[in-house]
Each structure stands twice: as structure tokens, then as C-alpha cells.
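Student: Pasting the sequence and the predicted coordinates here, then a few questions.
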Amino acid sequence: MAVHQLIEALSQLDQAHANMIELAGEKQTAIMNNDVDGLIGILNQESRTLKRIEQLEDVRLATCYHFLKEKGVKSQLKLTITELSRLVFDPDEKKLLTDMQRQLSDKLQHLKRLNDLNQKLIEQSLTFLEYSLDLLVGAPDEAATYQHPADKPGSVRRPGIFDTRA
């Protein structure tokens, strides 16, 4: 019975990660359209979804410990789904568990690729904004504090108007 609870917990985690994938796609569109307000809304939704994923992960851990206790294992180790599946002897339950693991793993990999792409898009946007500001305002080429002209790198110290060595 604990196996079904574990599969249900994994299924809920899978749904939450599917929601994160959908939000990552919306975020990509918002970044490309320069929609800052939309991006802020998406980030708020992501934050709520991440809190939900944390709760579901706690449920999954509790379900794993319950499953281990049901099997007579008194360990508090954080076992992987592959390790837990070795304790499942019913072939149908084992197949359901491994299928859910594979499905969740695929979603996590897809989400990682989307997040990496979104990070690169944001970095490119920031680089473009910095370049645009430099074109409009001009790059700061002089320091705000006094520096003696002879102390500047690449400058040659010249004698003043009067050469006193004559």
C-alpha cells in the first residue's frame, strides 16, 4: 500500500514540475518580448510552485520512510527510487515506480535545459542594455578622483614650460 502512496507522491511532483516547465516557457516569451511586468508575475508564480514542490518533496520523503518501515527496514537513509524499487516485489508496482521515476527525471532534465536557455537570454539582454547605455551616455573613461597626469599609465613625464637645466 505504501508503494501506491509513493507513486502518488511522485505523480504530484511530476505535475508540479510540468507546471514549472510551462512557466519557463512563458518566462522565455516574456524575456524575448521585454515584458518586465509579465516576468515579475511569472517569477511570483514560480516561487509559489517551488514552495509546493518543497512540500511535495517532504511528503515523498515521509512516504519513503513509511515504505521502508513497512518492509522492515529501520534505516533513515535517503534512498533513491532505484534503490527503493529493489524492495518492491510486485512486477506491476515496480514497473509503475520505475516509469514514474523516468518520467520525473525527463521533466527535470527538460526544465534544466529551459532554465539554462532563459539564463543565457537574460545575460544577453543585460549585455545589450549595458552596450546601449554606453552608446547613449558614453563609457566612463575618467575616474571621479584626482590623479596626477604623470601617474597615469602610458604617460610620459615632460618638463614644464621652463627648462631649468640650461
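Tutor: Now that the structure is in, tell me what you want to look at.

Student: on contacts alone, who are the packing partners of the helix or strand that contains residue 7?
Tutor: Using DSSP states H and E, residue 7 falls within helix 2-32. Using 3 or more Cβ pairs under 8 Å, 6 or more residues apart in numbering; DSSP states H and E, the elements in contact with helix 2-32 are helix 36-70, helix 91-137. All C-beta spots, glycine's among them, are computed from the backbone N, C-alpha and C.

Student: relative to helix 91-137, how tilted is that helix?
Tutor: Here the directions of helix 2-32 and helix 91-137 differ by 20 degrees (axes from the mean of the first three to the mean of the last three Cα atoms, to 10 degrees).

Student: How far off centre is helix 2-32?
Tutor: 14 Å (Cα atoms, centre = their mean, to the nearest Å).

Student: could you give the mean pLDDT of that helix?
Tutor: Mean pLDDT, helix 2-32: 92.

Student: Tell me the buried residues in that helix?
Tutor: 2-3, 5-7, 9-10, 12-14, 16-17, 19-21, 23-24, 26-28, 30-31 (16 or more other Cβ atoms under 10 Å).

Student: Please apply the same query to stretch 78-87.
Tutor: 79, 81, 84-85.

Student: could I get those residues as JSON lines with distance to residue 68?
Tutor: Below are the buried residues of stretch 78-87 laid out as JSON lines (distance: Cβ to Cβ, whole Å):
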{"residue": "79", "distance to residue 68": "7"}
{"residue": "81", "distance to residue 68": "13"}
{"residue": "84", "distance to residue 68": "8"}
{"residue": "85", "distance to residue 68": "13"}
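
Student: Mind picking the one among those residues that's closest to residue 71?
Tutor: Among these, residue 84 lies closest to residue 71 (Cβ to Cβ), at 9.1 Å.

Student: Could you name the helices and strands sitting against the lowest-mean-pLDDT helix or strand in the chain?
Tutor: The weakest-scoring helix or strand in the chain, judged by mean pLDDT, DSSP states H and E, is helix 81-85 (a mean of 80). Under the contact definition 3+ Cβ pairs under 8 Å, 6+ apart, helix 81-85 sits against helix 36-70, helix 91-137.

Student: Tell me which other helices or strands the last one touches.
Tutor: What that stands for is helix 91-137. helix 2-32, helix 81-85.

Student: repeat for the shortest one
Tutor: Helices and strands in packing contact with helix 36-70 are listed as helix 2-32, helix 81-85; criterion 3+ Cβ pairs under 8 Å, 6+ apart.

Student: still on that earlier bit, got the angle for the helix holding residue 7 vs helix 36-70?
Tutor: Comparing the axes of helix 2-32 and helix 36-70 via the same axes, to 10 degrees yields an angle of 170 degrees.
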